[in-house]
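Chemist: Here you go, sequence then predicted model.
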Amino acid sequence: MSRLNAANNGQTRLVGDITATAVSFYVIDAAVFPVAPFMISLDAEIMQVNTVLGNLLSGITRAQEGTTAATHVGDCLVENRWTAGMYSGLALTEDLGAKTSLLTTIKTTIVAAINEVLGLLNTHKTDTTTAHGINTFAKSAQEAWYAPTLLNAWVNTGSGFSTAGYMKDNFGFVHLKGCISSGAITNNMTLFTMPAGYRPTANLMFNAMSTPDGASMQVFRLTVEVGGNVRIGSNGAASQTLMLDGISFSTN
């Protein structure tokens, strides 16, 4: 039902008789009525008026709200009464308004929740200090490997083995790699020196594998010092190949 208008004390009288099928007629004073559309009651019949032109009511829909179209005699009372249908329409409007308000509240709540989740995701995406951010941070681009300047006749082994290198990951851990050969082995001989930012906070010792004869394996002590020197400890045997892979330490 479309919204119907109403007026206080909206009543006048019919000009002349009308039949049960008349869809327009004159009243004495149509100014007492609200802007169309509105309901009028003549005797026991309820009608809907859709157009008003001066004192002419037209576009009338007869027999509304279960009433019966009937003839009406001139000078009968024409009233803009409050009807059950008007009340039902208002109730539906109020109910729709309440539902609309509820839907608006729900929408606002959902949008706020989505924004909160997006905010948390964005925070965790850039968070490098909590468990929520570790996975994303670990998958971010890592720096390239740097080739150290090998000292004391040490050279890269080649033959398909990786070259000597070092890099620091996003968590502050330095990693070594590569196979080197042919260098001098005396106690605490320096293999290479790493720059500031790639050095431990205390001297560290590691086990490094070596092949003194190209076949058998031997373990050497490898020391990484706070000054950046990477040294090899000697047990008196010559080394053919020394493996640096797997050596990692924190700079924090």
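Modeler: Alright, I've got the coordinates.
Chemist: mind listing what the residue nearest to residue 65 when sequence neighbours are not counted touches?
Modeler: Nearest residue to residue 65, sequence neighbours excluded (CB to CB, 6 or more residues apart in numbering): residue 85, at 4.3 Å. To be clear about C-beta, it is placed using only N, CA and C from the backbone, and glycine gets the same treatment. Residues in contact with residue 85 (CB atoms under 8 Å, 6 or more residues apart in numbering) are 1, 39, 46, 64, 65.
Chemist: Equivalent analysis for residue 61, please.
Modeler: If you count contacts by CB under 8 Å, 6+ apart, then residue 61 has 23, 47, 48, 50 around it.
Chemist: cool, and residue 225?
Modeler: Residue 225 neighbours (CB under 8 Å, 6+ apart): 199, 200, 203, 231.
Chemist: and if you look at residue 205?
Modeler: Residues near residue 205 by CB under 8 Å, 6+ apart: 221, 222, 223.
Chemist: Turn these into TSV, including secondary structure.
Modeler: Below are the contacts of residue 205 laid out as TSV (DSSP: H, G, I helix; E, B strand; the rest coil):
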residue	secondary structure
221	strand
222	strand
223	strand
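Chemist: Please tell me which one of those counts the most neighbours.
Modeler: residue 222 (22 neighbours; other CB atoms under 10 Å).
Chemist: Quick check: chain neighbours aside, which residue is closest to that one?
Modeler: With sequence-adjacent residues excluded and distances taken as CB to CB, 6+ apart, residue 222 is closest to residue 208, at 4.1 Å.
Chemist: List the beta-bridge partners for the one you found.
Modeler: Beta-bridge partners recorded for residue 208 (DSSP bridges): residue 220.
Chemist: From residue 243, how far off is it?
Modeler: Distance, residue 208 to residue 243, using CB to CB, to the nearest Å: 6 Å.
Chemist: same deal with residue 174?
Modeler: Remark: distance between residue 174 and residue 243 (CB to CB) = 17 Å.
Chemist: Please name the nearest non-neighbouring residue to residue 50.
Modeler: That would be residue 59: by CB to CB, 6+ apart, it lies 3.6 Å from residue 50.
Chemist: And residue 245, by the same measure?
Modeler: residue 177 (5.2 Å).
Chemist: what does residue 196 give?
Modeler: Distances taken as CB to CB, 6+ apart place residue 228 nearest to residue 196, at 7.2 Å, with adjacent residues excluded.
Chemist: Quick one: neighbours of the residue nearest to residue 245, just the number.
Modeler: So residue 177, with other CB under 10 Å, has 18 neighbours.
Chemist: Do you know the pLDDT at it?
Modeler: Listed pLDDT for residue 177 reads 94.
Chemist: what's the answer for residue 116, then?
Modeler: pLDDT recorded at residue 116 is 82.
Chemist: and it, that one's in a helix?
Modeler: Yes: assessed with three-state DSSP, residue 116 lies in a helix.
Chemist: Could you report the separation of it from residue 103?
Modeler: Counting by CB to CB, the gap from residue 116 to residue 103 is 20 Å.
Chemist: I figured the residue nearest to residue 50 was touching residue 51, is that so?
Modeler: Yes: taking contacts as CB atoms under 8 Å, residue 59 lies within contact range of residue 51: 4.1 Å.
Chemist: Buried ones in stretch 221-234, by neighbour count?
Modeler: For stretch 221-234, a neighbour-count test (16 or more other CB atoms under 10 Å) marks 222, 223, 224, 225, 228, 229, 230, 231, 232, 234 as buried.
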